[in-house]
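> generate coordinates for the sequence data below:
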Amino acid sequence: MSTGLARSKSPVRPPFAFSVPPALWRGAIAFLLAALAWEITARYIIANPLFLSPLSSVAVRTVELWREGELQNHIWVSFVEFFWGFLSAAVVGILIGIVLAEWRTLRQFCDPLLSMMYATPIIALGPLFILWLGIGVVSKIAIIFLTAVFPIIINTIAGLTTTERTLIDVARSLSATPTQIYTKVRLPAALPFIIAGLRLSVARALVGVVVAELFGARAGLGFLIVNSAQSFDTAAIFVGVFILAAAGVVSVELLKLLEVKLAPWRFQDQEH
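This next block holds a predicted model:
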C-alpha cells in the first residue's frame, strides 16, 4: 500500500511541458540588464550621441539602413567573405595540423614559422594583398583566411599530440589497427581541441572581415563601420558592430552543436 501511495504522489509532467535551460534565461537577464544600463548611460549620463548612441537610436538607424536597402548589401558581402575565408581556413588548418602532428621532424621545422605568422599583425599586410590579388573579394578572403587559420592548426596539433597513451595502449591490446587507433581514439580525443580552435578562429575571422574591408572595399560591414566613423555616424557604427557580434554568437553556437553531434559522450553527464 505504501509503495502504491508513493508512486501516486510522484509528479507527472504533461506531454507539452518544457523547461528553459538555466544558462539561457540567465544570459537573457544579463543581456537585458546590460542593454538597460547602456540606454540609461547614453541618455542621461553621457548624453552625447557623438560619443555613445543609445540602443534605441541604434535600432532606429538599423531600420533606416534596412529600408534603404544598404544594410542587406553590406551583410551579404561580409557574409560571403566570412563564409569562404573561414571555411577554407577550417579545411586547410585541420589538414595541415594533421600532417604536422604525424611528422615530428616537419613540425619542428614549421613551429617557428607558425609562431611568427600567428603573431604577425595581418592588418599590416592588407595593402600587399590588394596589390597582389586586386581589390575584389579574393583579396578579402585571403586576409580572412590568414587571420583565422593559425589557431586551427595549433589546436589540431595540440589535440593529436596529447592523446592519452593509456587509450592508445588499450586499443592496441584489443588488436586495433593503426587506422582504427587514429579514427576511433586519436581523432575523437582531439575533437575538443579542434572545436576550440575553430571557435577562436571565428572571432579572428570576424576581425579579419573588418580588416579586409579597410582597403579598397565598396561594401560590407567593415566598410559600413569605417565609412560611418568618417561621417561621425555613431549609431551606424554600432549597427555594424552589433551585427558582427551577433554573427560571432551564432557561429559559436553552431560549433557547439557540431561538437555535441560529433562527440555526444562529452555532454552526457552535464546539466542542460
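> and stretch 113-133, end to end?
Using CA to CA, to the nearest Å, the end-to-end distance of stretch 113-133 comes to 23 Å.
> quick one: buried residues of that stretch?
114, 122-123, 125-126, 129-130 (16 or more other CB atoms under 10 Å). Just so you know, the C-beta spots here come from the backbone N, C-alpha and C atoms, and that holds for glycine as well.
> closest to Arg165 out of those?
The closest of those to Arg165 turns out to be Leu114 (CB to CB; 24.9 Å).
> what helix or strand does the most centrally placed residue in the chain sit in?
In the chain, the residue lying closest to the centroid (CA atoms, centre = their mean) is Val202, at 2.9 Å. Per DSSP states H and E, Val202 falls inside helix 187-212.
> quick one: name whatever helix or strand follows that helix.
Where DSSP H and E defines the elements, the next helix or strand beyond helix 187-212 is helix 221-230.
> report the buried residues of that next one.
So helix 221-230, judged by 16+ other CB under 10 Å, has buried residues 221-228.
> what do you get for stretch 178-194?
Per 16+ other CB under 10 Å, stretch 178-194 contains these buried residues: 181-182, 185-191, 193-194.
> who touches Asp233 in this structure?
Arg61 (CB atoms under 8 Å, 6 or more residues apart in numbering).
> one more time with 10 Å
49-50, 53, 61, 65, 224-225, 227, 239 (CB atoms under 10 Å, 6 or more residues apart in numbering).
> for Ala245, see how far away it is.
18 Å (CB to CB, to the nearest Å).
> do Leu128 as well
For Leu128 relative to Ala245 (CB to CB), the value is 29 Å.
> Thr161 and Ile122, how far apart?
With CB to CB as the criterion, Thr161 and Ile122 are 26 Å apart.
> surely Leu254 and Phe86 touch.
No. Judged on CB atoms under 10 Å, Leu254 makes no contact with Phe86 at a distance of 11.3 Å.
> who has more neighbours, those two?
Between Leu254 and Phe86, counted using other CB atoms under 10 Å, the more crowded position is Phe86 (27 against 12).
> and that one, what element?
Phe86 belongs to helix 70-102, assigned by DSSP H and E.
> quick check: which ranges of the protein have low pLDDT?
Applying pLDDT under 70 to the chain flags the ranges 1-21, 23, 265-272.
> was I right to think Glu213 contacts Val226?
Yes. Contact status for Glu213 versus Val226: in contact at 7.1 Å, counting by CB under 10 Å.
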